[in-house]
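Chemist: the following comprises the amino acid sequence and a computationally predicted model.
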Amino acid sequence: MARVTIEDCLKNVDNRFTLVHLAAKRIRQVREGAELLVKSSKNEDVVSVLREIAANRIVAKKPEEPVKD
């Protein structure tokens, strides 16, 4: 993958808002020492994380809806 685009990431994430939050959380994890899940050659953290999301290596959990009795 030569370039990662927002459209590549949105195939695996519901919307742009979720994408921003997912990427921000993952970037914090990487900067705190977590290993990248895709090969990275001189890419910044943001690009590497977007590549992870586009490759479907990172997914967002959907909140559980409360059960109504």
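Modeler: Received the coordinates, thanks. Numbers count the residues shown, from 1 in each chain.
Chemist: spatially central residue for this protein, please.
Modeler: Residue closest to the average C-alpha location in the chain (Cα atoms, centre = their mean): I53, at 3.7 Å.
Chemist: go ahead and confirm it touches A24.
Modeler: No: taking Cβ atoms under 8 Å as the contact criterion, I53 and A24 are not neighbours in contact, 11.5 Å apart. Backbone N, C-alpha and C define where each C-beta goes, glycine included.
Chemist: and V59, what element?
Modeler: Following DSSP states H and E, there is no helix or strand that holds V59.
Chemist: for the nearest residue to it once chain neighbours are set aside, what are its contacts?
Modeler: The spatially closest residue to V59, leaving aside those adjacent along the chain, is N12, at 6.7 Å (Cβ to Cβ, 6 or more residues apart in numbering). Contacts here follow Cβ atoms under 8 Å, 6 or more residues apart in numbering; on that basis N12 touches I53, A54, N56, V59.
Chemist: within the helices and strands, which one has the closest residue in space to V13 that isn't next to it in sequence?
Modeler: For V13, the nearest residue in space outside its immediate sequence neighbours is L19; the separation is 4.6 Å by Cβ to Cβ, 6+ apart. If you go by DSSP H and E, L19 is part of helix 16-31.
Chemist: which residues touch that helix?
Modeler: 6, 9-10, 13, 36, 45-46, 48-50, 52-53, 58, 60.
Chemist: widest-spaced pair of the contacts of N12?
Modeler: With distances taken as Cβ to Cβ, the most widely separated pair in these is A54 and V59, at 11.7 Å.
Chemist: of the two, who's got more company?
Modeler: A54 (22 against 11; other Cβ atoms under 10 Å).
Chemist: what's the spacing between the closest residue to the more buried one other than its chain neighbours and L50?
Modeler: Nearest residue to A54, sequence neighbours excluded (Cβ to Cβ, 6+ apart): D8, at 3.9 Å. D8 sits 8 Å away from L50, taking Cβ to Cβ, to the nearest Å as the criterion.
Chemist: settle it for me: which of those two has more neighbours?
Modeler: A count of neighbours by other Cβ under 10 Å puts L50 above the other of D8 and L50, at 25 against 15.
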